[in-house]
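In: Model the structure of this input:
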Amino acid sequence: MAMAKINQAAAADAAVDMSELLHTFANDMACRIVSGKFFLKDGQSKLFRELIKDTSRLLGGFNLEEYFPAVGRVGVVKKAVCAKAERVRNRWADLLDKVIDDRVSKRNSTSDHKDDDFVDIMLSVQHEYDLTREHMKALLTVSTDNTFHTKQVELYISFIVLIT
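Out: Next up, the predicted model:
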């Protein structure tokens with residue numbers, strides 16, 4: 001799909017936003033690895049990308065309390081950060097609930113499990129390891145975020161090597 005976009009742009013003699021292209025490709029790869037499908041439908045790809053970006057900002061962002069501990073006693077900053085983190089967590093939960101529900105319905109409707117992905121594997125060992133839905137969502141969140149960032153860095157490095 002990425003190569004098709006580059007070919008179309010080359011044929012039209014147009015510029016290609018490689019950053020966006022690589023970002024989209026890494027997003028699609030992360031989705032495919034974790035959930036076994038692409039999130040291109042229903043705007044889920046954009047939501048997925050926004051969630052990864054928001055999560056990265058929360059985890060790696062500036063924290064005023066680290067530099068000014070007295071601010072933490074007031075609690076205003078903490079309430080704002082916690083509220084934002086809660087909103088991001090709820091958005092992740094909604095998206096991952098849809099992914100898990102989709103997989104459960106697919107597993108119930110078919111007995112063919114030859115194309116199992118990470119979600120299918122977790123569902124198959126759910127009772128054996130006492131995995132709750134919250135455990136599965138946490139594993140998916142971490143796996144997705146790590147997969148996305150690793151693939152994105154690999155793509156940027158590869159592209160830089162190709163250019164030089």
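
In: Report how many residues lie close to residue 29.
Out: Other residues within reach of residue 29, judged by other CB atoms under 10 Å, total 19. The C-beta positions use only the backbone N, C-alpha and C, and glycine is treated the same way.

In: Report the separation between it and residue 2.
Out: 10 Å (CB to CB, to the nearest Å).

In: Who are the contact partners of the residue nearest the centre of the chain?
Out: Nearest residue to the geometric centre of the chain (CA atoms, centre = their mean): residue 144, 4.5 Å. Contacts here follow CB atoms under 8 Å, 6 or more residues apart in numbering; on that basis residue 144 touches 30, 31, 34, 48, 52.

In: buried sites along the helix or strand where residue 29 lies?
Out: Using DSSP states H and E, residue 29 maps to helix 18-35. By neighbour count on 16 or more other CB atoms under 10 Å, the buried set for helix 18-35 is 21-31, 34-35.

In: ok, now stretch 99-113?
Out: Buried, per 16+ other CB under 10 Å, within stretch 99-113: 99, 100, 103, 106, 107.

In: cool, and stretch 79-99?
Out: By neighbour count on 16+ other CB under 10 Å, the buried set for stretch 79-99 is 88, 92, 95, 96, 99.

In: Nice, that's everything, thank you.
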